[in-house]
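**Q** Compute the structure for the input listed below.
(chains A and B)
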Amino acid sequence: MTGTVFLPFRQLNFRITILQKYILKRIIISLFTLLAITLVLFILLQLMPGSPFNDEKLSDDQRAVLYTKYGLDKPVYVQFFKYVGNMFRGDFGVSYNISKNTPISQLIALRLPVSIKVGFQAVFIGALIGLILGIIAAVWHNTVWDTLATIISVIGVSIPSYVFALALSYQFGFKLRWFPMLYSTSHAFYSSMLPSISLCMFTLASIARFTRTEMLESLSSEYMELAESKGVYGFRLIWRHALRNTLIPIITVLAPLIVDLMTGSLVVEKIFAIPGVGSLLVTAITSNDYNVVISLSFIYSAMYIGIMLVVDILYGVIDPRIRLSEAVNE
Amino acid sequence: MSDVVENVKDAPDGFFKDDFVLRGNGEQTKIDSNFASMGYWKEVRARFLANKGAVVSLAVILLIVLFAFAGPKMTEYTYSTQNLSQKNYAPRIPGFDDMPVFNGNEKLNMTTGSKIINGYKKNGDTGVYYWFGSDVLGRDLWTRTWMGTRVSLYIAVVAVLIDVIIGLSYGLISGYFGGPVDSAMQRFAEIVNGIPRLVIVTLLMLVLKPGIATIIFALMITEWIGMSRIARAEMLNLKEREYVLASRTLGASSFSIIFHEILPNIIGQIITQTMFSIPTAIFTEAFLSFVGLGIPVPQCSLGSLISDAFNSFTTHSYQIVPPILILALLMLCFNMLADGLREALDPKMKDM
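**A** I've put the predicted structure just below:
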């Protein structure tokens, strides 16, 4: 008896320390990655031709004064640490070409909410429809519905979002005129529907595919048989018994989804003229505004690393095998 | 019966002829008579051919590849010849003049309604045929589409081959040596993997001169990680097997064990992963061209064709259809082919 009482307690104790170690390790790796990116960005800035004080009217003395004022006479590693400090505080300098001398943080602060909103709508629509499609395909396994769901998910996974964007914009924006072809702030929700739908296809397809596989597994499990033998049936059976066990592993598809949303948003924002960070990056690239490109690269990396960190920690919390294997690897 | 029994009878220790009957000779070994035994590759081929989607995909890919090589030679135009007097002509194919499509007519939407115009008749170019139409600079879109397909395929295949070599060596070495080597290599891979590819590729294209080589280089340094993970996982799985131990006992070098013992056993998964990487590479290239970081003019790729045609896609929508259709078909077919190959090469992986 003592053994059975004692064992769960010991396991619990063990689990917490391993989990803490796992989380700590993830955080350290993420910080290192971000630092590595900042280093790369800093090196790129050094490689860019010219200096901010290229004016020929400046004498050498004046230039030296300016260099001292902005700390450019200090050794490179001091400049680097200052740069890291600035980046992490959100001070990205000013834009040179897009809108002269506007602080980049200000440009980004205006545009980031728009991008996040469109991205969030895409994830919401995609996850909802994907889930429904996956459940239908699993419950009516090997029927027309299943085939249909499989075809939709194959198409959604393989065809890039900007093909959908162009097709939707042509058909529903230009031909049928159901939705506006371009984004407008006055009809923000209405005009963000087409971009959200074109961005959501990958999410929809991968969630549908994954839900189907997981649902099939839980539908054939013994706890479903038990639930059925207790007299649970229909919607309640699917909702409370099968779906709950399906939902947890869905976070494993989150990582590729985020990557796709980020690249997808660049092109989709260009097509629908959405004033978000993606289109800002495209404009910055085409107009050679290096400072903006580098700041946006930092923002994208920070967002990506942050989300990956959360996903990794969630994996570890939910699936003990992952944190254990990390611990064993040490 | 067989000679062994005969020998037993002759042996001096007094066994009778039927004390021992040798089993497992000739017919008796055929335990399963329903399924004749098949070689691995023969079985793979049979499983692959049973998958209709994958076979059709393979056929479509081969057809596109064929056109990518033969297509530009089928017309008198080259991909960079401009003819400004014949710009924005709708698709027209000989013999289709009375058909509803490919007759050179194009519907233009005006503020006062739409009207149908035929650029060929208007300018008196009745003997001129642009099979997919001509673009805003009067270049033949048929030739340009297939040239673009060729460039896209070339970039994808070369980039993926380089990725396979890098990723495979990295993963196999990391998995084989284990310990501190593995730890260091995995930390490095994790950090590289933590940087969004979009950022790596964008920054590279800013620093280097745009062109095919730069795109291949950008794809090279981002796409090897997936392959290295698979190679490492398989290596960890296989390196404790008996045949590896046997080989090591006989004095095989690490190099020989990695490349002669382990590698042939994971070839199936490598092929599958390669096939999955090709559509990713095609997509990345198209994406870069669309954003404006692609290959310089007058060269073209599927992405740059889509990008060019996008500017006038509401007025001359026929210009965007061929490149986007081929891009979508290529991505779809490569994905389905990869799925089919995965199921054929490793039936255990089917549900993953």
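**Q** Quick one: the strands in chain B, in order.
**A** Assigned strands in chain B, in chain order: B:105-110, B:113-118 (criterion: DSSP state E).
**Q** For chain A, which of those is the nearest?
**A** Smallest distance to chain A across these (CB to the nearest CB): 8.5 Å, for strand B:105-110. C-beta here means a position set from N, CA and C on the backbone, and glycine is covered the same way.
**Q** per-residue confidence averaged over that closest one?
**A** The pLDDT scores in strand B:105-110 average 70.
**Q** what's around the residue lying closest to B:Thr145 once chain neighbours are set aside, how many residues?
**A** Using CB to CB, 6 or more residues apart in numbering or on different chains and skipping residues adjacent in sequence, the residue nearest B:Thr145 is B:Pro322, 4.5 Å away. When counting by other CB atoms under 10 Å in any protein chain shown, one arrives at 24 neighbours for B:Pro322.
**Q** any idea how far the closest residue to B:Asp125 other than its chain neighbours lies from A:Ser218?
**A** For B:Asp125, ignoring the flanking residues on the chain, the nearest one in space by CB to CB, 6+ apart is B:Gln86 at 6.2 Å. B:Gln86 sits at a distance of 62 Å from A:Ser218 (criterion: CB to CB, to the nearest Å).
**Q** Please apply the same query to A:Arg212.
**A** In terms of CB to CB, A:Arg212 sits 11 Å off from A:Ser218.
**Q** next one: A:Val154
**A** 23 Å.
**Q** Close to chain A: what parts of the stretch 151-300 of chain B are there?
**A** Residues of the stretch 151-300 of chain B lying close to chain A by CB under 8 Å from any CB of the partner chain are B:183, B:187, B:190-191, B:194-199, B:202-203, B:205-207, B:279, B:283, B:286-287, B:290-293.
**Q** Pick the most buried one from the strands of chain B.
**A** Scoring those by mean neighbour count under mean count of other CB atoms under 10 Å in any protein chain shown gives strand B:105-110 as the most buried, with a mean of 13.
**Q** thinking again about what came up before, and A:Arg212 and A:Ser218? which has more neighbours close in?
**A** Neighbours of A:Arg212 and A:Ser218, each counted by other CB under 10 Å, are more numerous for A:Arg212; the result is 24 against 17.
**Q** Run through the helices of chain B in chain order.
**A** Using DSSP state H, the helices found in chain B span residues B:3-10, B:40-50, B:52-70, B:119-122, B:141-177, B:179-194, B:197-207, B:212-238, B:242-249, B:254-256, B:267-291, B:302-310, B:321-345.
**Q** Going by mean pLDDT, which of these comes out lowest?
**A** Minimum mean pLDDT among the helices of chain B: helix B:3-10, a mean of 52.
**Q** Count the neighbours of the residue in the stretch 251-352 of chain B positioned nearest to chain A for me.
**A** Across the stretch 251-352 of chain B, no residue is closer to chain A than B:Asn335, which sits at 3.9 Å (CB to the nearest CB). By other CB under 10 Å, 21 other residues sit near B:Asn335.
**Q** Verify the contact between the residue nearest to B:Asp125 and B:Gly119 for me.
**A** Yes - assessed by CB atoms under 8 Å, B:Gln86 is found in contact with B:Gly119 at 7.5 Å.
**Q** between those two, what contacts are shared?
**A** B:Asp125 (CB atoms under 8 Å, 6 or more residues apart in numbering or on different chains).
**Q** The residue of the stretch 251-352 of chain B closest to chain A touches B:Phe276, doesn't it?
**A** Yes - using CB under 8 Å, B:Asn335 is in contact with B:Phe276, at 7.2 Å.
**Q** List the residues that contact B:Thr81.
**A** B:Arg139, B:Asp140 are the contacts of B:Thr81 under CB under 8 Å, 6+ apart.
**Q** Check which helix or strand the residue nearest to A:Leu41 when sequence neighbours are not counted maps to.
**A** Distances taken as CB to CB, 6+ apart place A:Ile294 nearest to A:Leu41, at 5.0 Å, with adjacent residues excluded. A:Ile294 is part of helix A:290-318 when elements are defined by DSSP states H and E.
**Q** tell me the angle that helix makes with helix B:179-194.
**A** 120 degrees (axes from the mean of the first three to the mean of the last three CA atoms, to 10 degrees).
**Q** So A:Ala165 sits against A:Leu194, correct?
**A** Yes - shown here, A:Ala165 and A:Leu194 form a contact pair, counting by CB under 8 Å, at 7.4 Å.
**Q** Find residues that contact each of the two.
**A** A:Phe272.
**Q** And for B:Ser256, the neighbour number?
**A** 12.
**Q** correct me, but it touches B:Val244?
**A** No - using CB under 8 Å, B:Ser256 is not in contact with B:Val244, being 10.7 Å away.
**Q** Tell me who's in contact with the closest residue to B:Gly171 other than its chain neighbours.
**A** Once flanking residues are discounted, B:Gly171 sits nearest to B:Ala231: 2.8 Å by CB to CB, 6+ apart. By CB under 8 Å, 6+ apart, the contact list for B:Ala231 reads B:Gly167, B:Leu168, B:Tyr170, B:Gly171, B:Leu172, B:Gly175, B:Ile266, B:Ile270.
**Q** After the host helix or strand of A:Leu45, which helix or strand is next?
**A** A:Leu45 belongs to helix A:2-47 when assigned by DSSP H and E. Using DSSP H and E, the helix or strand that follows helix A:2-47 towards the C-terminus is helix A:60-69.
**Q** Roughly how far does A:Gln79 sit from chain B?
**A** 19 Å (CB to the nearest CB, to the nearest Å).
**Q** tell me which element that residue is part of?
**A** With DSSP H and E as the test, A:Gln79 turns up in helix A:76-89.
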